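Engineer: Structure, please.
(one chain, ligands or ions: 2)
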Amino acid sequence: MMASEQAPGRDALAGARRVVVKIGSALLTNDGRGLDEAAIGGWVDQIAELHRRGIEVVLVSSGAVAAGMVRLGWQARPSAVHALQAAAAVGQNVLTECYEGHFDRHGVLTAQILLTHDDLSNRKRYLNARSALRTLVELRVVPVVNENDTVVTDEIRFGDNDTLGALVANLLEADALIILTDQEGLFDADPRHNPEASLIPEARADDARLTAMAGGGGALGRGGMATKVRAARLAARSGTVTAIASGRQPDVLTRLAEGERLGTLLRPEQAPIAARKRWLAGQLQVRGRLTLDAGAVTVLRERGSSLLPVGVKALSGGFVRGDMVECVDEQGQRIAKGLINYGADDAARILGKPSHQIESLLGYMEAPELIHRDNLVVI
Ligand SMILES: Nc1ncnc2c1ncn2[C@@H]1O[C@H](COP(=O)(O)OP(=O)(O)O)[C@@H](O)[C@H]1O
Ligand SMILES: N[C@@H](CCC(=O)OP(=O)(O)O)C(=O)O
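Structural biologist: Ligands and ions are numbered 1, 2, ... in the order given. The predicted structure is shown next:
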């Protein structure tokens, strides 16, 4: 993670330790004829190279519906929801197999993660998805994420994977989100309809003028540039920079990771840490309260440590795992807010106890800390 207090620019890509790469349908599918296996092999080679350099990569890949259609021998994209769901179910297998085969050439393990809107909006599931993804990247596995198209309905779908990519970047507090598409980047007008359009090399993600420039998608893609600009804004909430670039540029990922000026860079207005913490603080309603002893107050304030059960004297509220709770000192003064790893009943049983006793007290251990420092905002 970058510790810089400067709002990041191109250098953020060069210094990125954790990157979400999103590959869109327009690029992945051979004009709707199925997956472009050779191109996929090329992106996998680059991701494996980043991986070798110690960069953690999470891949968000579209293409399930298109690949499923080909396997099922369907010529036209169906409109009925259940038919799309069936195509996605068949195609997701094809997609997974394709990535696995290519990553295997590099000895890199992959994992399939299918998410729905609920997984990211429900607090408990949000934390679960986050722990699973974090564990995978720590194990040096490359998670391959897509929307769980087989179970989502129109009302609850993300629809485009740009939004999903941004939410995954928030979830992992990624340094960068790289969106690969079929254009060189964001132009000041849709280049499909305006041959004179020119590329925007860099802008602030929250620049209101971008919305007017970004149009809808092509025949295969879903969101076009409009959803990419919106995704950059979402990503910026956790201090993540977004690059939009052409997946057809040779070595696009490794070149971007070296800070080369390719495509469009949309940067957050705030330094990553400040943005991340503000995002966390603004996110959720407070559901409970923990009273900390003086030692815990000091380590939270002065060392930015995680909150361990041993430093908590009392609690109140009917919170569940993943809820936001506030932390106060013994005089009732607010010290911090954060996402708690244990529900109120279990938290009550481990208060004041050293973390190595959690397992014997509860019969399981979710985490050694009550609130991890990444989920904690000191006020
Ligand atoms: N201002 C713009 N600059 C670049 N491309 C644009 C712009 N407005 C709309 N587009 C369209 O967005 C398309 C890429 O989005 P989309 O089709 O959704 O692809 P993907 O599947 O990669 O997400 C481009 O092919 C282009 O026609
Ligand atoms: N989840 C869908 C893809 C959604 C989609 O096409 O998104 P995008 O690549 O952003 O235009 C699939 O795998 O077919």
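Engineer: and Glu258, how many neighbours does it have?
Structural biologist: 13 (other CB atoms under 10 Å). Quick note: C-beta positions are derived from backbone N, CA and C, even for glycine.
Engineer: Could you report the pLDDT at Asn375?
Structural biologist: On pLDDT, Asn375 comes in at 83.
Engineer: how long is stretch 327-345 from one end to the other?
Structural biologist: One end of stretch 327-345 sits 17 Å from the other (CA to CA, to the nearest Å).
Engineer: What average pLDDT does it get?
Structural biologist: Average pLDDT, stretch 327-345: 94.
Engineer: name the element the residue of the chain most remote from its centre belongs to?
Structural biologist: Relative to the C-alpha centroid of the chain, counting by CA atoms, centre = their mean, Gln331 is the outermost residue, at 38.3 Å. Under DSSP states H and E, no helix or strand contains Gln331.
Engineer: ditto for the one 4 residues further on
Structural biologist: For Ile335, the element it lies in under DSSP H and E is strand 334-339.
Engineer: Contacts made by that strand with the rest, please.
Structural biologist: Here strand 334-339 makes contact (CB atoms under 8 Å, 6 or more residues apart in numbering) with 123, 127, 280-281, 284, 286, 292, 297, 300-301, 307, 322-329, 371-372, 375-379.
Engineer: One more: stretch 152-170?
Structural biologist: Outside stretch 152-170, the residues that touch it by CB under 8 Å, 6+ apart are 20, 22, 24-25, 58, 60-62, 81, 115-118, 120, 133, 145-147, 149, 174, 176-177, 179, 217, 221-223, 227-228, 230-235, 237-238, 240, 242, 279.
Engineer: end to end, how far does that stretch reach?
Structural biologist: End-to-end distance for stretch 152-170: 21 Å, by CA to CA.
Engineer: For the helix or strand where Leu315 lies, which strands pair with it and how are they oriented?
Structural biologist: Per DSSP H and E: Leu315 is located in strand 312-316. Here strand 312-316 has these sheet partners by DSSP bridges: strand 286-292 (antiparallel).
Engineer: Give me the subset of the contacts of stretch 152-170 lying in strands.
Structural biologist: Among those, the ones falling in strands (DSSP state E) are 20, 22, 58, 60-61, 115, 145-147, 176-177, 179, 242.
Engineer: pretty sure Gly54 contacts Arg17?
Structural biologist: Yes. With contact defined as CB atoms under 8 Å, Gly54 and Arg17 form a contacting pair (7.5 Å).
Engineer: Please say which of those two ends up with more neighbours.
Structural biologist: Legend: neighbour count by other CB under 10 Å for Gly54 and Arg17, higher for Arg17 (13 against 8).
Engineer: roughly how far apart are the more buried one and ligand 1?
Structural biologist: 25 Å (CB to the nearest ligand atom, to the nearest Å).
Engineer: Ok, Ala88 next?
Structural biologist: To ligand 1, Ala88 is 15 Å away according to CB to the nearest ligand atom.
Engineer: Give me the pLDDT for that residue.
Structural biologist: As predicted, Ala88 sits at a pLDDT of 93.
Engineer: Within the helices and strands, which one has it?
Structural biologist: Ala88 belongs to helix 81-104 when assigned by DSSP H and E.
Engineer: now for that helix, which elements pack on it?
Structural biologist: Packing partners of helix 81-104 (3 or more CB pairs under 8 Å, 6 or more residues apart in numbering; DSSP states H and E): helix 37-52, strand 56-61, helix 64-72, strand 110-115, strand 142-147.
Engineer: Run through the residues that contact the closest residue in space to Ala88 that isn't next to it in sequence.
Structural biologist: Leaving out its chain neighbours, the residue that sits closest to Ala88 by CB to CB, 6 or more residues apart in numbering is Asp149, at 3.4 Å. Counting by CB under 8 Å, 6+ apart, Asp149 makes contact with 64-65, 84-85, 88-89, 92, 157.
Engineer: nearest to ligand 1, of the residues you listed?
Structural biologist: Nearest to ligand 1 among the contacts of Asp149, counting by CB to the nearest ligand atom, is Val65 at 11.4 Å.
Engineer: so where is this protein shaky, pLDDT-wise?
Structural biologist: Low-confidence segments of the chain (pLDDT under 70): 1-8, 30-33, 123, 154-156, 217-222, 271-284.
Engineer: Show me it divided up by domain.
Structural biologist: The chain breaks down into these domains under automatic domain parsing: 10-272, 284-378.
Engineer: Just say which of those is most tucked in.
Structural biologist: domain 10-272 (a mean of 19; mean count of other CB atoms under 10 Å).
Engineer: from the middle of its chain, how far away would it be?
Structural biologist: Offset of domain 10-272 from its chain centre (CA atoms, centre = their mean, to the nearest Å): 10 Å.
Engineer: right, is that domain up against ligand 2?
Structural biologist: Yes. Using CB under 6 Å from any ligand atom, domain 10-272 comes into contact with ligand 2 via 24-25, 62-66, 88, 146-147, 149, 160-162, 217, 221-223.
Engineer: Ser316 pairs with what?
Structural biologist: Residues in beta-bridge contact with Ser316 (DSSP bridges): Arg289.
Engineer: close enough to count as contact, it and Val325?
Structural biologist: No. Assessed by CB under 8 Å, Ser316 is found out of contact with Val325, at 9.4 Å.
Engineer: Ignoring the adjacent residues along the chain, who's closest to the most centrally placed residue in the chain?
Structural biologist: Nearest to the geometric centre of the chain sits Val168, at 1.5 Å (CA atoms, centre = their mean). With CB to CB, 6+ apart as the criterion, Val168 has its nearest non-adjacent residue at 5.3 Å, and that residue is Val20.
Engineer: List the contacts of the one you found.
Structural biologist: Counted by CB under 8 Å, 6+ apart, Val20 has contacts 57-60, 165, 168-169, 172, 174, 176-178, 240.
Engineer: With Arg230 instead?
Structural biologist: 162-163, 166.
Engineer: Brilliant, that's me finished.
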